[in-house]
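Colleague: sequence below, structure please.
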Amino acid sequence: MGNQSVAVSITINAEDMHRDRTNFLKYIDFKDNIPSDGYDVPGDKTSFDSVADANTLISWNISDASGREHLALITNIEFKDAPEGFFEKPPYDVGDGSWVAVLGDNNTDHNLVAKYSITFDSGYRGDELFTIDPKLQIKKRD
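Modeller: Okay, here's the model as predicted:
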């Protein structure tokens, strides 16, 4: 069976984030299409962890669920201290506020792990950008 691409979805409530900037993490929800992925620490939105096969496409998108149709956009994805070879093609903006990357190979006996930052615009006019720091892993070889 081939590798399954990973689609990370970020849902925000721009109206609530605007009203409660200091607690904006309460109004963010991460999920992806891999059933076993989720939050390492329940209730800690920065602990979201996606686990992918090597040489897999990963995508990120964001949407606003406030009902006010704010145009939320990812403005940057930055990996710091990612292991060498973590990406075959690093994250890039595909032009519609979503991002994609192609993961590299993992020839180790453990999962490769990288923390990263997603910076996004909630779409609420006048609000500053928001940043959140989830985690991505490339599975070890079987």
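Colleague: ok, the closest residue to residue 21 other than its chain neighbours to residue 78 distance?
Modeller: Of all residues not flanking residue 21 in the chain, residue 127 sits nearest, at 7.7 Å (CB to CB, 6 or more residues apart in numbering). C-beta: built from backbone N, CA, C; applies to glycine. Residue 127 is 20 Å from residue 78, where distance means CB to CB, to the nearest Å.
Colleague: likewise residue 102?
Modeller: 17 Å.
Colleague: can you give me the strands in this protein?
Modeller: Along the chain, counting by DSSP state E, strands occupy 6-12, 28-32, 38-39, 48-52, 57-64, 73-79, 87-93, 99-103, 112-121, 130-132, 135-138.
Colleague: could I get these as CSV with distance to residue 21 and mean pLDDT?
Modeller: Formatted as CSV, the strands of the chain follow (distance: least, CB to CB, whole Å; pLDDT from 0 to 100):
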stretch, distance to residue 21, mean pLDDT
strand 6-12, 12, 97
strand 28-32, 12, 95
strand 38-39, 22, 92
strand 48-52, 20, 94
strand 57-64, 16, 97
strand 73-79, 17, 96
strand 87-93, 25, 96
strand 99-103, 24, 98
strand 112-121, 14, 96
strand 130-132, 8, 95
strand 135-138, 24, 93
